[in-house]
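**Student:** next come a sequence and a model predicted from it.
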Amino acid sequence: MNTFIKKLSFLFLSLALVFTACENEETLNLTSPDPALTLQQPGISTVFLNFSLPDNPAFTISWNDDLTEGGTYNIEMDTASDFGAASTIGTSETNSFTMTVSEFNNAIVNTGVETFKDIPVYMRVLANGTVSNSILMLATTYPVNAPVITTPTDGSSFVLSIDNNNDLATSVTWTDPILDSSLDMDIEYVVETALAGTDFALPIEAGNIRNLSTIDLTHAQLNAAAIQSGIEPDTTGDLDMRLAATITDISTGSVLERISDPIKITVSTYMTSLDLSTPWGVVGSGANDWGATPDLPFFTTETEGVLAAYVNLIDGEIKFRQNNSWDAPNINYGDNGADGTLEEGGANIPVTAGSYKITMDLNTLTYTIEPFSLGIVGGAYNDWGATPDFMLDYDQYSDVFRGIVTLIDGEMKFRMNNDWGTNWGDDGVDGTLDEGGANIVVTAGIYIATVNLNDMTYTLEPIDYVWGLVGGAYNEWGATPDAQFNRDWSRPFDDIWILNDVTLIDGEYKFRANNDWDVNYGDDGGDGILDSGGANLVTTAGTYSFVLDFTDPTKPTYTKK
């Protein structure tokens, strides 16, 4: 009996287990993921495209594919999530895809977007008719398309006149979408001219400005540009005009330059001594080694027949001559009696080193040579004269005084000859100089200071850097300020810096920006090519001049003489 009951209990238990197992099997949902082509979100969601690193990777995306049989994957991009205007930006034979900075920038630009920051970029992958999910990145691009000149229009004509020398001849205006963006970019615009049909083989700078879209050109400025481009004075000729837009990355020295399409204008010029082949110039051992370089030019003044020249001379002798030539019928003048009276073919005029204004009166055949320097003084520079003023150099190519100066927060003025006899301020804070006027308030920074004594205007243009020489051979590696370079104003389109007549002692030196070690150059190979952070340069005691050439940022050079 007990054995029967045990068997019966076991049977019921077995049936219960069977029914329970069947019930569980009906409710158990065992699944595996459907095969899919899945694009992974990359580690970055924002991409800043730096023009100075065009070949660096902008992004890398990857995907998992357990649906298709592989082969060729097409990568599509759009600025809208519906991919209504999708474009293929590349292909891959593997499960990843990389694009360089320049490639990605161009791909975004080609979509037609007119902004430069936080541009939505959607991507997906296609293979064998299968489309992956999409991912989103926000991109910041840099400009590729050149600005477009809007005025003057192609075919415009200008009749220039010396009577309207300082009047407006034309305003060069342009459109450039980057100016309307929220990007903090410092853009230099330069209006360039060239003789029509020369393809800008020798471009001439007619005017420049930063971060604005208009450059005003006076009759004098357009006339000078036309004559320097090759149109003879008192003639009519065709001039090509274009706009160069330049952005410089100070950390790398890389330059992004965009050149507009040119326009052609017709210009009627007038005779002026602003022509670089001016009828009168200063020549001599005290000026240009008797003609080894072009004579230092004279300029017309408000008085007919009276010419003036602002020059930096060294110890030596000078004369005045026509057309950079000693040959007849050109005339040269000297001074036989050292009495300020000019004689044709006369004796050389002795001079000592210094900055001078030379005035020549052809009506009376007399001349004067007087010390003349124009400098910056103030709490913002030299504690109102505790040390010498910062001297501006005369730029014979544009008839203005210029210099690159580092200022601190404070006030400043311009004055002549390190003396308060003649000084200028700005009463109206309008960029016009007033004799004895109000102090000019400035904030700390590096500036290109420009003074035009013809119309008594000035500008203080902020720049990012200035080059200097530092080392045990000069200032005990920074115990005092570096020997400062200046731009070579005669070559406005090249990034060339000059430092003349600096006295060094036996030792080593380097070149650096802004009296700081963040950007510095030496020479690892002793080959005249500058190397970032390179080896110290060695010198013996002496007085030297230096030229730094960063025109090709991939191969900067220096010369020493």
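**Tutor:** Yep, that arrived. Residues are numbered from 1 along each chain as shown.
**Student:** rest of the way, CA atoms for contacts and neighbours
**Tutor:** OK.
**Student:** do a quick rundown of the helices in this structure.
**Tutor:** Secondary structure of the chain by DSSP state H: the helices cover 2-27, 101-109, 219-229.
**Student:** okay, and for the stretch 401-550 of the chain, where does confidence drop off?
**Tutor:** 490-493 (pLDDT under 70).
**Student:** next one: the stretch 201-350 of the chain
**Tutor:** For the stretch 201-350 of the chain, the ranges with pLDDT under 70 are 250-253, 272-279.
**Student:** equivalent analysis for the stretch 51-200 of the chain, please.
**Tutor:** Scanning the stretch 51-200 of the chain residue by residue, none of them satisfies pLDDT under 70.
**Student:** list the buried residues of the longest strand seen in the chain.
**Tutor:** The residue-count maximum for a strand in the chain (DSSP state E) belongs to strand 236-249. For strand 236-249, the buried set under the neighbour-count rule, 16 or more other CA atoms under 10 Å, comprises 236-248.
**Student:** same question for stretch 312-325.
**Tutor:** Of the residues in stretch 312-325, 312-314, 316-325 count as buried by neighbour count, 16+ other CA under 10 Å.
**Student:** which stretches of the stretch 101-250 of the chain form strands?
**Tutor:** Using DSSP state E, counting those that start in this stretch, the strands found in the stretch 101-250 of the chain span residues 119-127, 130-131, 135-140, 148-151, 157-159, 168-175, 187-195, 204-210, 214-218, 236-249.
**Student:** which stretch among these comes nearest Tyr367?
**Tutor:** Among the strands of the stretch 101-250 of the chain, the nearest to Tyr367 by CA to CA is strand 214-218 (30.0 Å).
**Student:** neighbouring strands for the closest one, and are they parallel or not?
**Tutor:** Partners of strand 214-218 in the sheet, by DSSP bridges, are strand 168-175 (antiparallel).
**Student:** wait, isn't Asp186 in contact with Ile247?
**Tutor:** Yes: with contact defined as CA atoms under 8 Å, Asp186 reaches Ile247; the gap is 6.3 Å.
**Student:** nearest to Ala127, of the buried residues of stretch 312-325?
**Tutor:** Asn312 (72.6 Å).
**Student:** check the offset of stretch 299-317 from the chain's centre.
**Tutor:** 32 Å (CA atoms, centre = their mean, to the nearest Å).
**Student:** over to stretch 474-491?
**Tutor:** 19 Å.
**Student:** now do the same contact list for the nearest residue to Asn418 once chain neighbours are set aside.
**Tutor:** Spatial nearest neighbour of Asn418, chain neighbours left out: Asp389 (6.0 Å); criterion: CA to CA, 6 or more residues apart in numbering. By CA atoms under 8 Å, 6 or more residues apart in numbering, the residues touching Asp389 are 375-377, 381-382, 418.
**Student:** just the ones of those residues in strands?
**Tutor:** Using DSSP E, the contacts of Asp389 in strands are 375-377.
**Student:** so which of the strands of the stretch 101-250 of the chain is the most packed in?
**Tutor:** strand 187-195 (a mean of 23; mean count of other CA atoms under 10 Å).
**Student:** Gly237 against Ile231, yeah?
**Tutor:** Yes: using CA under 8 Å, Gly237 is in contact with Ile231, at 5.9 Å.
**Student:** what about Asn95, neighbour count?
**Tutor:** By other CA atoms under 10 Å, the residues close to Asn95 number 16.
**Student:** would you mind measuring from it to Gly71?
**Tutor:** Distance, Asn95 to Gly71, by CA to CA, to the nearest Å: 10 Å.
**Student:** please apply the same query to Asp383.
**Tutor:** Applying CA to CA to Asp383 and Gly71 gives a distance of 74 Å.
**Student:** these two: who's more crowded?
**Tutor:** More crowded of Asp383 and Gly71, by other CA under 10 Å: Asp383, with 15 against 12.
**Student:** quick revisit: the longest strand of the chain to strand 204-210, inter-axis angle?
**Tutor:** 40 degrees (axes from the mean of the first three to the mean of the last three CA atoms, to 10 degrees).
**Student:** so strand 236-249 versus helix 219-229, what angle?
**Tutor:** Going by the same axes, to 10 degrees, strand 236-249 makes 90 degrees with helix 219-229.
**Student:** for strand 236-249, give me every contacting residue.
**Tutor:** Contacts for strand 236-249 (CA under 8 Å, 6+ apart): 52, 146-147, 149, 185-197, 200, 226, 229, 231, 254-269.
**Student:** just the buried members of those residues?
**Tutor:** For the contacts of strand 236-249, buried by 16+ other CA under 10 Å: 52, 146-147, 149, 187-196, 200, 226, 229, 231, 254-260, 262-269.
**Student:** start to end distance for stretch 376-388?
**Tutor:** Stretch 376-388 has an end-to-end distance of 9 Å (CA to CA).
**Student:** averaged pLDDT, that stretch. What do you get?
**Tutor:** Averaged over stretch 376-388, pLDDT sits at 94.
**Student:** what's it in contact with?
**Tutor:** 389-392, 406-415, 418, 442, 444.
**Student:** mind running it again at 7 Å?
**Tutor:** 389-391, 407-415, 418 (CA atoms under 7 Å, 6 or more residues apart in numbering).
**Student:** highest neighbour count among these?
**Tutor:** Highest neighbour count within the contacts of stretch 376-388: Phe414, with 28 neighbours (other CA under 10 Å).
**Student:** that residue pairs with what?
**Tutor:** The partner residues for Phe414, given DSSP bridges, come to Ile376, Trp424.
**Student:** check Thr98 too.
**Tutor:** Thr60.
**Student:** that one is in contact with Asn56, isn't it?
**Tutor:** No: using CA atoms under 7 Å, Thr98 is not in contact with Asn56; the gap is 10.0 Å.
**Student:** from the buried residues of stretch 312-325, which land in strands?
**Tutor:** Using DSSP E, 312-313, 316-321 are the members of the buried residues of stretch 312-325 that sit in strands.
**Student:** those: which two are farthest apart?
**Tutor:** Applying CA to CA across these, the maximum distance is between Asn312 and Arg321, 17.6 Å.
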